[in-house]
Every structure is written in C-alpha cells, then in structure tokens.
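**Q** show me how the following folds:
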Amino acid sequence: MSTSVDALDRKVEAAHAAFGKARAVAPDTRASWLESVAAGLDDDSSALVEIAARETNLGIARLQGELRRTTFQLRLFADEIRRGEHLDATIDHADDAWGMGPRPDIRRVNVPLGVVGVFGASNFPFAFSVIGGDSASALAAGCAVVHKAHDGHLDLAARTTDVVVAALEAAGAPTGLFALVTGRPAAEALVDHPRVEAIGFTGSTSGGRALFDRASARSRPIPFYGELGGVNAVFVTENAWKSRRDDILAGYAQSLTLGMGQLCTKPGLLFVPAGETESLTATLARALDGFEPTPLLNDRLHDGYQVAVDGIRSDAGVDAIIDGDSTTTPAPTVLRTTAARVRTNPELVRQEMFGPASLVVEYGSEAELVALAQLLEGQLTTTVHAEPADDVSELTAVLADISGRVLWNGWPTGVTVSYAQHHGGPYPATTSTTTSVGTAAIRRFVRPVAYQSFPAGRLPEPVQDANPWGIAQRVDGQWRRPERTGTRR
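**A** Prediction:
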C-alpha cells in the first residue's frame, strides 16, 4: 500500500527530529552506526538475496556480489568519516601580519544538510537502492534519510529497511533517522516537504528531470543530485582496430550484455573504422554465440527498451547487423550506421537503449572522431581504445569536457567504490557536477559554515585547536592528518 501524504509528513518530521539529535555526534559514533547496518545486512543476506531474485529477475550470484559491494561501501564510508576529511576542517588563526592586512580568527567546517530524500533505482536493488550509495553517503555526512522505494522491488525495500532501522537503533542512533515511503503521492510530497534539504536520485532521464524541475520550483529550491545515465560512447582508433579488432569486439560484446545491458555504464555506442562490416558482424556474432538472455527487470522497462531500439532502427541510415528480438528474454541487438548519417541526425548518438542493444558507427577517417565526439551530450563515461603511438590528445580533451570518467583500453561496466572514483558527468548524465559513487559522494550532503572570532569553548569540535575528534585539519594553510588504522582496501 502506498504511503499517504500525512504519513510521509510524519516520517519526515521524525527524521528531522532525529537529525537534531544526531547531527553533532563524534565521527567514531556515526561510523559505528554504518558498521552496524553493514553487519545487519550480512546477517540477513540469504533472505535479502532470495527476495531480490524473486522481484528483479537478477541472478543469485549477481545479487550476492551487489550486496557485498553495499556492505563494503558502508564500511569504507565509516573509515572515511573517522578521518574527517569530508568535514574540510580549516583553521586560520588571527594574524596581524597577514598580507592583505590583519586577519581575524576564522574557522570553517562542513555541516550536514538535514533530511535527505533518496529515490532508489530498479537495476541495482542493493547498491543504488534502500541503503545504496545515496543513502549511505547521506547518513555518513550526518543527515537523516527518507527513502522512496522503487516499485520494482517493494518487498525487498521493506525487508532492507527493517534491517537498517533495527541496526541503527541497536547501535544507539536516534529513532527516525531512516525511514521508507512508497508510491507517487509520497514521492512528490517528499520533494516538496519544507524539512527536506536535498534529494538523491538514480533512474531515468525523464523521471529524474521531472523531479529535478520540481525541486527547483520550490519556493526554497534544494539541491537535486540525479544520476540519469547515458550512452557511454567508445572510440576505437585505426591502429587499435588493426592490431586487436577481435579482442575489442569480444570485450564490447561482453560489456554491452552484462546484466542484460541494464547498467547505466553500458557501452551503447561504438565508433570503428569503416570498410569491414561483414567481418565485424561475423566476429560479433561469434562473441555473442552462447549468450543466454534473461528477462529484463520489469515489463515497463522492457517496453521502454523496445521503443528505444525501434526508434533508432527506424532511421533510414540504420540497419541491424545483429538482429535481436522483442521476446520476454530479448536477444542482443547491434545496429549499424555511418558517421555521415550521424552528422545528419545527431539524435542517433544521444538515445539510450537501456537493455542489450548498442549502435556501431563506422567512420571513414580518424580525423572525424573529434567532431563526432562533439555531437554527444553529457556522459557518465567515455572510452578510447588506442595504441601507444596514437595521438588522441584532442579527442580525450573533448571527452573529458563531456564525461565524468574517461577510460583507456577498457570497458565502462563495473564501477568500483573507492576514493578516486567519479560516477557523474554533465547533463543529461547527471544534474550536478558531483559523484554518486566513492567517498567523495559524502560531500554532496554537507555545506560549509565559517566561525569568526568565536571563544575557544564555543567552537565546534572539528575546528577546536585541541582537535578532540582526532580528524584531519588544515591549520594556517598546512594539513595535519592524525595517523589512523583500520582503513579498508
């Protein structure tokens, strides 16, 4: 049953009250809450995976790996907040000899935003859902979370929430710090609620844009951190194609079909030299031989996938070199066109086909690649397959302008959780310049406050000279990072 607007209001108010109690706890305490949630998920993993498999059509091994990623992420974030670098604690002592004149004592620290609304994704029922990256990073930042469950796995959302709430309370967190809501009325009310300070979203471009516009239209607009996807273009130079064409196509086939192509980093676009269509087709056919398709996540996604494939395929300059189908377990589809046709109709390289389909674009000269890249919209990832002697500096510069992660001789599927990871990109890949994966994701849900000329006893712990929390501080321009143990690698 959907959450009523009145019930949503009560949950948000409870979350706000919990935030007031939890906002200033020490990093070690907050880290212990995250670790308690990770342990609770581990303890209930068998039941959680069983429910997820029933609701999503995803395999047991895939789901087990995704749940391990989720608990690893929680523990990594716990280590990160213990160090306190996300707080950016900065102390400028008073200095009468400061270059531009006497400087007062100024101390700046990041503080948590408040209640964060999080919208779960359909394709990652653990890693980008109830206690996935957005929820985990918001909790790590010191916020409270109200999560809107995805309709594709409601039973799993409810079970996961039970685990999260029980683990938080067992660890001593205030009641109400995490809550679940369902249904569209509650979703809209969540974005509108005056106590909600930010939104995290992973999903479709259309759904994300509608919520982004709603968040921006509030009388007091709030940040909307939406991850919306893209086509993740791959560019192959002539030398790379000549020296390892078959290996490139084998990797491409594996990457575009991973998870039935239902990954936001699937390579939906491949640029290759023209003139070898027959051998390209034969090699791809061999690479895809034996692939066993499974049902897509849900009927609505299946319908959207077919509409997208049919839309590109209907263009007069496009033909199918690997002819898939529209059954409940769709076989992979690979479409082909030319660079000349793309220049005539750039929309061909801007349409995401969320499923096991991709478009190959054949170019006549490598000199065309920069101009073709400039036709693309914002991307989560772009990839270059090249040889050491290839000069692709201009191409990679363009790709860095339009994407959040640029790969060299690899494939974009697989987004590790780490310190340097960036999972984002210019619109329509995301609605911000931030990342939704990795430790930097925590910084989305904090804002800086500077304290000027405050008495020492009234300063927040992170910017006290005594540094009672033992965190990283930048003091008069120099970083001081206390030694810590337990970092997970």
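**Q** hey, where'd the helices end up in the stretch 51-200 of the chain?
**A** Taking DSSP state H, counting those that start in this stretch as the test, the helices found in the stretch 51-200 of the chain are 60-83, 133-141, 154-170, 184-192.
**Q** my bad, the stretch 351-489 of the chain
**A** Counting by DSSP H, counting those that start in this stretch, one finds helices in the stretch 351-489 of the chain at the ranges 369-373, 393-402.
**Q** and the shortest one, what does it pack onto?
**A** Of the remaining helices and strands, those touching helix 369-373 by 3 or more C-beta pairs under 8 Å, 6 or more residues apart in numbering; DSSP states H and E are strand 233-236, helix 339-344, strand 357-363, helix 393-402. Where C-beta positions appear, they are placed from N, C-alpha and C, glycine not excepted.
**Q** indicate which one of the ones you listed is closest to residue 180.
**A** strand 357-363 (33.6 Å; C-beta to C-beta).
**Q** before we move on, back to that, from the helices of the stretch 351-489 of the chain, which stretch is densest packed?
**A** Most buried of these by mean neighbour count (mean count of other C-beta atoms under 10 Å) is helix 369-373; its value is a mean of 19.
**Q** kindly export it (C-alpha atoms) in PDB.
**A** Extracted in PDB, the C-alpha atoms of helix 369-373 (Å, rounded to 0.1, in the frame of the first residue of the first chain):
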ATOM      1  CA  LEU A 369      36.400  11.400 -34.300                       C
ATOM      2  CA  VAL A 370      36.800  14.800 -32.600                       C
ATOM      3  CA  ALA A 371      33.800  16.300 -34.400                       C
ATOM      4  CA  LEU A 372      31.700  13.200 -33.800                       C
ATOM      5  CA  ALA A 373      32.500  13.400 -30.100                       C
END
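**Q** residues contacting that helix, please?
**A** Helix 369-373 has contacts (C-beta atoms under 8 Å, 6 or more residues apart in numbering) with 233, 235, 237, 271, 339, 342-343, 349, 361, 363, 382, 392, 394-395, 398-399, 402.
**Q** ok, now with 10 Å
**A** 233, 235-238, 269, 271, 339, 342-343, 346, 349, 361, 363, 379, 382, 384, 392, 394-399, 401-403 (C-beta atoms under 10 Å, 6 or more residues apart in numbering).
**Q** got a markdown table for the helices and strands packed on helix 369-373, with mean pLDDT too?
**A** Formatted as a markdown table, the helices and strands packed on helix 369-373 follow (pLDDT from 0 to 100):
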| stretch | mean pLDDT |
| --- | --- |
| strand 233-236 | 98 |
| helix 339-344 | 98 |
| strand 357-363 | 98 |
| helix 393-402 | 98 |
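**Q** out of the ones you listed, nearest to residue 60?
**A** Within those, the stretch nearest residue 60 is strand 357-363; the backing value is 25.4 Å (C-beta to C-beta).
**Q** can you pull the buried residues of the closest one?
**A** 357-363 (16 or more other C-beta atoms under 10 Å).
**Q** who does that strand pair up with?
**A** Sheet pairing for strand 357-363, assigned by DSSP bridges, gives strand 269-273 (parallel), strand 333-338 (parallel).
**Q** alpha carbons of the shortest one, as PDB, please.
**A** The C-alpha atoms that make up strand 269-273 are tabulated as PDB, following Å, rounded to 0.1, in the frame of the first residue of the first chain:
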ATOM      1  CA  LEU A 269      27.800   3.400 -28.800                       C
ATOM      2  CA  LEU A 270      30.900   2.100 -30.600                       C
ATOM      3  CA  PHE A 271      32.900   4.100 -33.200                       C
ATOM      4  CA  VAL A 272      35.100   2.000 -35.500                       C
ATOM      5  CA  PRO A 273      36.800   2.300 -38.900                       C
END
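**Q** perfect, I'm done here.
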